[in-house]
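Undergrad: Fold the following for me, if possible:
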Amino acid sequence: MSIVHTILKATLDFILPQRCILCNDEIIQGMLCNNCLDYIPEAKPPLCQFCGRPIKKRSRCGFCKKGTHIDYGRAFMLFVPPYDKIIHHFKYRKKTNLAIFFGRAMASIIKSHYFLKDADTIVPVPLFWWKNLRRGYNQAALLSEIISQECNIKMNDILKRIKNTKTQTRLNEEARRKNVLDAFRVKQNGIKGKRVILIDDVMTTGATINECARVLKEAGAKEVYSCVAAITPG
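TA: Model (predicted):
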């Protein structure tokens with residue numbers, strides 16, 4: 001970084017100080033203040049073993065009870081207000097530095113769990129090429145790159161989204177499942193007999209990741225796990 005650039009950045013930071021993206025309090029660095037960081041709603045046990053969603057007494061959540069291709073899953077935090085805004089900034093407002101924050105948190109979870117830490121490869125959930133081009137990045141791929149570095153597990157961008165599906169946001173559970181049916185395919189061989197971790201930013205009903213897992217298993221994956229930045233409560 002040049003001296004001129006450093007001076008300009010320091011001047012802008014003074015005139016327009018950084019602010020927490022949740023509470024708007026002034027901060028020195030990063031995107032979240034310490035108070036907001038302290039109250040992040042982490043996904044804590046008891047958890048559904050298949051997706052990592054907090055549950056009460058059952059062994060699996062209501063979504064996974066209906067059937068899942070995921071063998072084991074975990075999530076970092078709950079996708080609830082106001083913390084859902086962090087994902088929104090990451091996904092739609094080009095706050096790509098949040099990949100470091102989420103990626104390291106997810107990596108910590110992966111390294112601490114018996115099944116996940118011994119996975120052979122990490123696979124990001126893909127975007128349709130047009131959405132990727134319009135947005136400029138795939139948030140799942142950014143997370144996967146950080147996690148791959150932190151966990152020393154190879155990232156394999158082996159999945160391709162072949163259907164420009166509707167956004168899942170306003171669809172019910174059944175409509176979500178139909179929306180992503182046959183939306184993915186494996187681009188090349190190399191997944192047979194492998195234990196795979198699917199990476200994405202948010203899991204709601206799990207329809208997208210479940211469809212990705214189905215395609216990977218049809219291509220010969222031995223086991224498919226999942227790890228997401230945020231998950232909706234059960």
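Undergrad: and residue 200, that's in a strand?
TA: Yes. Per DSSP: H, G, I helix; E, B strand; the rest coil, residue 200 lies within a strand segment.
Undergrad: Low-confidence ranges, this structure, go.
TA: Low-confidence regions of the chain, defined here as pLDDT under 70, cover residues 1-17, 166, 169-170.
Undergrad: how about the helices of it, start to end?
TA: In the chain, the segments counted as helices under DSSP state H are 3-15, 34-38, 62-65, 84-92, 98-111, 114-117, 129-135, 139-151, 173-180, 207-218.
Undergrad: can you list the ones you listed in JSON lines and add distance to residue 55 and mean neighbour count?
TA: Every residue, glycine included, has its C-beta placed from N, CA and C. What follows is the helices of the chain, written out as JSON lines (distance: least, C-beta to C-beta, whole Å; neighbours: other C-beta atoms under 10 Å):
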{"stretch": "helix 3-15", "distance to residue 55": "44", "mean neighbour count": "10"}
{"stretch": "helix 34-38", "distance to residue 55": "25", "mean neighbour count": "12"}
{"stretch": "helix 62-65", "distance to residue 55": "9", "mean neighbour count": "18"}
{"stretch": "helix 84-92", "distance to residue 55": "20", "mean neighbour count": "17"}
{"stretch": "helix 98-111", "distance to residue 55": "17", "mean neighbour count": "20"}
{"stretch": "helix 114-117", "distance to residue 55": "18", "mean neighbour count": "15"}
{"stretch": "helix 129-135", "distance to residue 55": "32", "mean neighbour count": "12"}
{"stretch": "helix 139-151", "distance to residue 55": "24", "mean neighbour count": "22"}
{"stretch": "helix 173-180", "distance to residue 55": "17", "mean neighbour count": "16"}
{"stretch": "helix 207-218", "distance to residue 55": "17", "mean neighbour count": "22"}
